[in-house]
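1. sequence first, predicted model second:
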Amino acid sequence: MTTMPAARSATAAPPAIKRDWLPILLVPALAAAALPLVGSFPGWLTLTVAGLAMGMMIFIMASGLTLVFGLMDVLNFGHGVFISIGAFAVTLIVLPLATLVQADSVLMNVAVLLLCAVVAMVLTGALGWAFERAIVRPVYGQHLKQILVTMGGMIVAEQLIHVLWGADPISVPPPEAFRGSVLIGEAAIERYRILAVAVGLAVFAAMLLVLNRTKIGLLIRAGVENGEMVEALGYRIRRLFVGVFVAGSALAGLGGVMWAFYRQTLTPGMGMEVMVLIFIVIIVGGLGSVGGCFLGSLLVALVANYTGFLAPKVALGSNILLMVLILMWRPQGLYPVAKR
Amino acid sequence: MLTQLLSGDFPRSRALTAILIAIFVLLALAPFLFPGTKPLNVAAKICYFIVLVASYDLLLGYTGIVSFAHTMFFGIGGYGVGLALYNWDASWLAVLAGLVVALAVSIVLSLVIGLVSLRVRTIFFAMITLAVASAFAILASQLSSLTGGEDGRSFSVPTLLRPSFRLFEGEVLGVAFTGRIVVYYLVFFLSLALFLTMIRIVNSPFGRVLQAIRENTFRAEAIGYRTVVYRTIANCLGAGMATMAGALMALWLRYIGPDTSLSFAIMIDILLMVVIGGMGTMYGAAIGATIFILAQNYLQSLMGLASKSLEGLPLLPKLLHPDRWLLWLGVLFILSVYFFPTGIVGKLRRK
């Protein structure tokens, strides 16, 4: 009951936050370790950029899922549907505006991409809101039902995509400016991958900014750490949660757009196919941690690309192996969230 | 006798009893009641899916574990028997050896997955099994020199089970008693035995502990049960049963491939069957599997009719397109989880 320490700490500077650098160092360490194995520098550069691009796209798709889980303990197994819908939303823009896509002007191409992103995000955001209302809300706190019901939502939504867009795969070529590759030294790097890295970095930076520099971000972080306390302080965490759910769905939609142009063929099941990678990523990163999710995405994608080149037969098991190794080192993931 | 066979777990509802007896009698007499290839295929599929779905119910309904790796074990059983028959001569020894190897692989695999991830929460386990199962499915299609890749493997079965075989001359009730019918009855009786075994398991003291864990893990632990051990055993049991179901499938189809055993679509089918039939009762698994497979095979033609008759209207014909039958079962699934989590069986028992 002494007031002394409190008074003293009030005047002193707040203690510096200890950063945990080890996981961050893992990414460059992995890339550096792969260099002698791959052998040639241009080949390594191509692989690394490909890995980074894939990692960024996975991060965009996974970040919403991990935040939603961290904040409200809700794991949306139907998250993949938002990715698919985001990807199919592309057809709404690209098919009618094909001339803009083919146009030889960077400005036009970027405009088309932006339009795609906006439409997809609005669509998936709205859908996320409806999904939260109709499917997730009635089963808060019941894990078993949550898994089942979100899975059911996924089945229905996937079938609805079939109904609306037909059963045949649709091909969507990326805008003219982002086709082909550029030569850096001797390494050929696909333009679209550079774009993907840029978008991914932008999303990550924006997320960090919102989470660390705004009041909403403060509340979200506090909610992830200790939701009850935030409620006790008078904030409606449910409303916050709905917001995060919608934002997460919209991000999945954006990821879907990026993924659509990357794969160039759309199938209704494409979202569910990436979900496996996304689950591995958020487990590796630590459920609920955005930073961990970012590093996890990069690690998973880089490992997949390197092993795909070095030993194609092992490539499919490499992600599982990576997950096992990291969980052996840190059972809660790279950046464990305090509550769990 | 009946009490012993059903382990004292009676349907406890007149309607339910009637449905179960109907399923049993129809399946038992299927070769004679519905001669022809397709009906017999459907009946056999119902048989081994009842085992598969019941074994999943052991995990989901009784223990409260959500696993997405059940098709993996199903596939291991199928591939075990199938590849043994493909690589060696078509003898019973090969069947047995394949089955034993498959069972061993399944149980070791489920033990490892269980020990690594069952300590943690439901969600964690669900995600990890999903990842492992998808890796396994890719593995099976990649190792094409062993598994035949995407095409799978067709193989011949022991002489007794071949279509050209006649158990005896002449006909029974106007149907030639071919090897096909022998396989059918092999599948039928083994499925029945496995199903009754599972009823025995869930009504044993062991099964009660599983239900206690499902209801309240913390309290079960506090009473003194090592929940991790029980969960792991349940997981291994479920995996073993799924492997057996896979072996039966391989014997019936004389073919094994990723699409018939390992695909994620089948995992979703199993989930739908368990939930629609009723979680936490073995009878639910039987009813769910029967309804679902009948719907899979016959609902489509019905929907085709409806779709045709609505032609001209916007969107409706597309919603009723025969390929969209899963949409309606998905809606039914969501409604089941919300409004009658005990499924059809629970609904019938309450009345």
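-> Cool, the structure landed.
2. every contact and neighbour count from this point should use C-alpha atoms.
-> Fine.
3. how about the residues of the stretch 251-351 of chain B near chain A?
-> Contact residues (CA under 8 Å from any CA of the partner chain) of the stretch 251-351 of chain B with chain A: B:318-319, B:324, B:326-328, B:330-331, B:333-334, B:337-338.
4. in chain A, which ranges drop under the pLDDT threshold?
-> Residue ranges of chain A with pLDDT under 70: A:1-18, A:315-316, A:338-340.
5. up against chain B, what does it have?
-> A:75, A:138, A:143-145, A:147-149, A:152-153, A:155-156, A:159-160, A:163, A:276-277, A:279-280, A:283, A:313, A:316-317, A:320.
6. among the residues you listed, the buried ones, what's the PyMOL command?
-> The buried residues among the residues of chain A next to chain B can be selected in PyMOL (16 or more other CA atoms under 10 Å in any protein chain shown) with this line:
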select buried, chain A and resi 75+143+144+145+147+148+149+152+153+155+156+159+160+163+276+277+279+280+283+316+317+320
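7. out of the residues of the stretch 251-351 of chain B next to chain A, which are inside helices?
-> Of those, the ones assigned to helices by DSSP state H are B:318-319, B:326-328, B:330-331, B:333-334, B:337-338.
8. chain B: strands as residue ranges?
-> B:153-154, B:166-172, B:175-178, B:255-256 (DSSP state E).
9. got it, and chain A?
-> A:170-171, A:181-184, A:187-190, A:265-266.
10. distance to B:Val275 added to those, as TSV?
-> Below are the strands of chain A laid out as TSV (distance: least, CA to CA, whole Å):
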stretch	distance to B:Val275
strand A:170-171	33
strand A:181-184	50
strand A:187-190	46
strand A:265-266	31
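11. who wins on neighbours among the ones in helices among the residues of the stretch 251-351 of chain B next to chain A?
-> Neighbour tally across those (other CA atoms under 10 Å in any protein chain shown): the maximum, 30 neighbours, falls on B:Phe333.
12. that residue reaches B:Gly278, doesn't it?
-> No. The criterion here is CA atoms under 8 Å, and B:Phe333 misses it with B:Gly278 at 10.6 Å.
13. count of neighbours near A:Leu127?
-> If you count neighbours by other CA under 10 Å, A:Leu127 ends up with 18.
14. who touches B:Val337 in this structure?
-> Contacts for B:Val337 were tallied using CA atoms under 8 Å, 6 or more residues apart in numbering or on different chains; they are A:145, A:148-149, B:275, B:343.
15. select from those every entry located in helices.
-> Of the contacts of B:Val337, the ones assigned to helices by DSSP H are A:145, A:148-149, B:275, B:343.
16. which one of those residues sits closest to B:Gly64?
-> A:Lys145 (10.2 Å; CA to CA).
17. tell me how far that closest one lies from A:Phe41.
-> Separation of A:Lys145 from A:Phe41 (CA to CA, to the nearest Å): 50 Å.
18. same check on A:Gly180?
-> Between A:Gly180 and A:Phe41 the distance, using CA to CA, works out to 21 Å.
19. cool, B:Met267 as well?
-> As judged by CA to CA, B:Met267 and A:Phe41 stand 43 Å apart.
20. what about the residue of the stretch 101-250 of chain B found nearest chain A, neighbour count?
-> Distances between the stretch 101-250 of chain B and chain A by CA to the nearest CA are smallest at B:Ala131, namely 5.5 Å. When counting by other CA under 10 Å, one arrives at 23 neighbours for B:Ala131.
21. just B:Leu313 next, same as before
-> By other CA under 10 Å, 10 other residues sit near B:Leu313.
22. state the pLDDT value of it.
-> Note on B:Leu313: pLDDT of 70.
23. show me what contacts A:Asn76?
-> The contact partners of A:Asn76, by CA under 8 Å, 6+ apart, come to A:65, A:69, A:146-147, A:150.
24. before we move on, back to that, reformat the ones in helices among the contacts of B:Val337 as TSV; add distance to A:Val94.
-> As requested, the ones in helices among the contacts of B:Val337 are exported to TSV (distance: CA to CA, whole Å):
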residue	distance to A:Val94
A:Lys145	38
A:Leu148	35
A:Val149	33
B:Val275	40
B:Gly343	44
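25. out of the residues you listed, who's nearest A:Val303?
-> Using CA to CA, A:Leu148 comes nearest to A:Val303 of the ones in helices among the contacts of B:Val337, at 31.4 Å.
26. excluding its backbone neighbours, what's nearest the closest one?
-> B:Val337 (7.4 Å; CA to CA, 6 or more residues apart in numbering or on different chains).
27. for the longest helix belonging to chain A, packing partners?
-> When chain A is parsed with DSSP H, its longest helix is helix A:41-72. Packed against helix A:41-72 by the contact rule (3 or more CA pairs under 8 Å, 6 or more residues apart in numbering or on different chains; DSSP states H and E) you find helix A:22-38, strand A:187-190, helix A:191-213, helix A:215-225, helix A:237-263, helix A:270-285, helix A:290-310.
28. same thing but 6 Å
-> Using 3 or more CA pairs under 6 Å, 6 or more residues apart in numbering or on different chains; DSSP states H and E as the contact test, the elements touching helix A:41-72 are strand A:187-190, helix A:191-213, helix A:215-225, helix A:237-263, helix A:290-310.
29. what's the spacing between it and its chain's center?
-> 6 Å (CA atoms, centre = their mean, to the nearest Å).
30. buried sites along it?
-> A:42-72.
31. ok, and the closest non-adjacent residue to whatever residue of the stretch 201-340 of chain A ends up closest to chain B?
-> Closest approach of the stretch 201-340 of chain A to chain B (CA to the nearest CA) occurs at A:Val276, with a separation of 5.5 Å. Closest residue to A:Val276 in three dimensions, ignoring its sequence neighbours and counting by CA to CA, 6+ apart: B:Ala131, at 5.5 Å.
32. and the gap between the one you found and B:Leu58?
-> To B:Leu58, B:Ala131 is 21 Å away according to CA to CA.
33. and A:Thr124, by the same measure?
-> As for A:Thr124, its distance to B:Leu58 is 36 Å (criterion: CA to CA).
34. buried ones in stretch A:181-192?
-> Across stretch A:181-192, burial judged by 16+ other CA under 10 Å covers A:187-190, A:192.
35. same question for stretch B:343-351.
-> By 16+ other CA under 10 Å, the buried positions in stretch B:343-351 come out as B:343-348.
36. so what's the residue count around B:Ile128?
-> 24.
37. can you list the residues of chain B near chain A?
-> For chain B, the residues in contact with chain A (CA under 6 Å from any CA of the partner chain) are B:131, B:318, B:327, B:330, B:334.
38. mind listing what the second one touches?
-> Right, B:Lys318. A:Val163 (CA atoms under 6 Å, 6 or more residues apart in numbering or on different chains).
39. check what pLDDT it gets.
-> 70.
40. and the gap between it and B:Ser309?
-> 12 Å.
41. do the first one as well
-> Here the criterion is CA to CA. By it, B:Ala131 lies 43 Å from B:Ser309.
42. likewise the third one?
-> B:Leu327 sits 19 Å away from B:Ser309 when distances are taken as CA to CA.
43. between the buried residues of stretch B:343-351, which sits nearest B:Tyr79?
-> Distances from B:Tyr79 to those, taken by CA to CA, are shortest for B:Gly343, at 32.3 Å.
44. excluding chain neighbours, what is closest to the closest one?
-> B:Gly278 (3.5 Å).
45. how about B:Ile293?
-> Per CA to CA, 6+ apart, closest to B:Ile293 is B:Ile46, 6.5 Å.
46. and for that neighbour, the neighbour number?
-> For B:Ile46, the neighbour count with other CA under 10 Å is 26.
47. what's the local residue count around B:Pro35?
-> 13.
48. same check, this time on B:Gln4
-> Neighbours around B:Gln4, by other CA under 10 Å: 10.
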